[in-house]
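1. Any chance you can model this:
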Amino acid sequence: MCIFSLRDKKMKTNNPDWLDPKKWLQVCSESTDADVKTAISSSSPGIREFAVLMSSAASASLEQMAQRAQILTRRHFGRTISLYVPLYLSNFCSGGCVYCGFASDRKQRRRKLGESELKAELKALKQKGFEDVLLLTGERTPAADFKYLLNSVKMAADVFHNITIEAFAMTSDEYKKLVHAGCNGMTVYQETYDPGLYSKLHRWGEKKDFFFRLEAPSRALEAGMRTIGIGALLGLNEPRADVICLFQHALHLKKKFWKAGISISFPRICAQSGDYEPAYEVDDRLLAQMIFAFRICFPDMPLVLSTRERAEFRDGIAGVGISRMSAASRTTVGGYHHEAGLSEKGQFDVNDTRDVKTFCSAMRKKGLEPVFKNWESVFRDRP
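-> From the prediction side, this is the model:
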């Protein structure tokens, strides 16, 4: 038997039950207007209600879903929007993701921040008022390996109150070292929850291991991370199938790690240097439906929207499901200090290009208060 057959067999036997969306896609397709009304008003919604809220029938009740989502968001988060900022440490990458501008076969300048450059970037972000920083890298390479990431976390944790990472999937021991260095959380997108499609989209590299990535949030939480963020890259797969699996993934983690903070992100594929065209369209209406459905079913879970989205859409959805946002983002390495690197291609194109002051002003006009700090570094378990 060839290695690919063995791999396919392993996929079929190792799949957790919640990874198969077929049952709930059928519920989704058979939902009626009456089912939708019941799901919107449910006091304890679960996977069945979520499937109903993702149905075509629910699309006709989007205004009612929005009203319910806003009530729940205000109840649990008040009139606040928690802010974070992404900081790209490196665009070196060993991965072969067909949809990513950092893939190793993309022809672009590769670089990473040296210590002096990182200090300059951290200082620039501090001056903008941020206290919550997300450090990002490509997949693991000799140029930007775990040791490099660990040192970057230590430097950032000396400056900011909340440090999280979005990088390659790691071992439990590596996550423990990051926690000890001052890292509070991690984000990892499964990209798609379809194992067969996942294998095709990830042509080479460590990231090709579907299950190692799928289990990364569990390893991180077991290692002592305070928070984890998950999501699917919307457009790669049939969107309802992926978000049903995403919902069940979040539910699984919430039950197993009930003390941890779990958040959901909603990234849609943006233009990138590989010019990958998504197989499925996720328009604004469907994206809003996803956000409202998650809020109704997870009333107290942070829901995140990045600057991938247009300013108009972000302004409209803020506080109506979404409780956490990035602002003034750069997806290039060295994009904050003296606005360096703005002529270079980032991981993807940013659509909301407003600066911090303009973004915060827009939130306040909506009656929302931007929050730069919601965690105190004194609570870190560091020597």
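2. Residues in a beta bridge with residue 326, which ones?
-> Taking DSSP bridges as the rule, residue 326 bridges to residue 84.
3. Was I right to think it contacts residue 87?
-> No: counting by CB atoms under 8 Å, residue 87 is not a contact partner of residue 326; they are 10.6 Å apart. Bear in mind the C-beta positions are built from the backbone N, C-alpha and C, glycine included.
4. These two: which has the busier surroundings?
-> Taking neighbours as other CB atoms under 10 Å, residue 326 and residue 87 compare with residue 87 leading, 26 against 22.
5. tell me the contacts of the more buried one?
-> For residue 87, the contact set (CB atoms under 8 Å, 6 or more residues apart in numbering) comprises 121, 122, 125, 133, 134, 135, 136, 156, 336.
6. Just put those in CSV and tack on secondary structure, distance to residue 259 and pLDDT.
-> Rendered in CSV, the data for the contacts of residue 87 read as follows (DSSP: H, G, I helix; E, B strand; the rest coil; distance: CB to CB, whole Å; pLDDT from 0 to 100):
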residue, secondary structure, distance to residue 259, pLDDT
121, helix, 33, 96
122, helix, 30, 97
125, helix, 30, 96
133, strand, 24, 97
134, strand, 22, 98
135, strand, 24, 98
136, strand, 26, 97
156, helix, 25, 97
336, coil, 34, 90
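7. Would you check which pair of those residues lies furthest apart?
-> Spatial extent of these (CB to CB) is set by the pair 122 and 136 at 14.1 Å.
8. Now render the contacts of residue 87 as CSV, adding neighbour count and distance to residue 295.
-> As requested, the contacts of residue 87 are exported to CSV (neighbours: other CB atoms under 10 Å; distance: CB to CB, whole Å):
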residue, neighbour count, distance to residue 295
121, 24, 33
122, 22, 33
125, 24, 29
133, 23, 26
134, 22, 22
135, 24, 28
136, 20, 26
156, 26, 30
336, 24, 31
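9. Which parts of the stretch 101-250 of the chain are helices?
-> For the stretch 101-250 of the chain, the helices defined by DSSP state H, counting those that start in this stretch occupy 115-127, 146-157, 172-181, 195-201, 210-214, 216-222, 239-256.
10. Figure out which of those helices is closest to residue 286.
-> Taking CB to CB, helix 239-256 is the member of these nearest to residue 286, at 6.5 Å.
11. What pairs with the helix or strand following the closest one, parallel or antiparallel?
-> Where DSSP states H and E defines the elements, the next helix or strand beyond helix 239-256 is strand 261-265. Using DSSP bridges, the strands paired with strand 261-265 are strand 227-232 (parallel), strand 303-305 (parallel).
12. for the helix or strand following the shortest one, packing partners?
-> It stands for strand 303-305. Of the helices and strands lying after strand 303-305 in sequence (DSSP H and E), the nearest is helix 311-317. Counting by 3 or more CB pairs under 8 Å, 6 or more residues apart in numbering; DSSP states H and E, the packing neighbours recorded for helix 311-317 are helix 284-297, helix 356-365.
13. For helix 311-317, list every residue counted as buried.
-> Within helix 311-317, the residues scored as buried using 16 or more other CB atoms under 10 Å are 313, 314, 315, 316, 317.
14. picking up where we left off before, find residues that contact each of residue 326 and residue 87.
-> Common contact partners of residue 326 and residue 87 (CB under 8 Å, 6+ apart): residue 134.
15. Disregarding residues adjacent in the polypeptide, which is nearest to the residue nearest the centre of the chain?
-> Against the mean C-alpha coordinate of the chain, by CA atoms, centre = their mean, the closest residue is residue 265 at 3.9 Å. Computed as CB to CB, 6 or more residues apart in numbering, the closest residue to residue 265 that is not its neighbour in sequence is residue 231, at 3.7 Å.
16. residues touching that neighbour, list them.
-> Residue 231 is in contact with 187, 189, 190, 246, 264, 265, 266, 267, 304, counting by CB under 8 Å, 6+ apart.
17. Isn't the fourth one up against residue 264?
-> Yes: under the criterion of CB under 8 Å, residue 246 makes contact with residue 264 at 6.9 Å.
18. Quick check: neighbours shared by these two?
-> In contact with both residue 246 and residue 264: 230, 231, using CB under 8 Å, 6+ apart.
19. Tell me, please, where in the stretch 251-383 of the chain the pLDDT is lower than the cut-off.
-> Flagging of the stretch 251-383 of the chain using pLDDT under 70 yields the residue ranges 271-274, 338-348, 375, 377-383.
20. Tally up the residues packed near the closest residue to residue 204 other than its chain neighbours, please.
-> Spatial nearest neighbour of residue 204, chain neighbours left out: residue 96 (4.0 Å); criterion: CB to CB, 6+ apart. For residue 96, the neighbour count with other CB under 10 Å is 17.
21. how close does residue 96 sit to residue 47?
-> Shown here: residue 96 relative to residue 47, a distance of 33 Å by CB to CB, to the nearest Å.
22. try residue 135
-> Taken as CB to CB, the span from residue 135 to residue 47 is 33 Å.
23. sorry, back to before: any chance of TSV for the contacts of residue 87, columns distance to residue 66?
-> Shown next, in TSV, are the contacts of residue 87 (distance: CB to CB, whole Å):
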residue	distance to residue 66
121	37
122	38
125	33
133	31
134	28
135	34
136	31
156	37
336	34
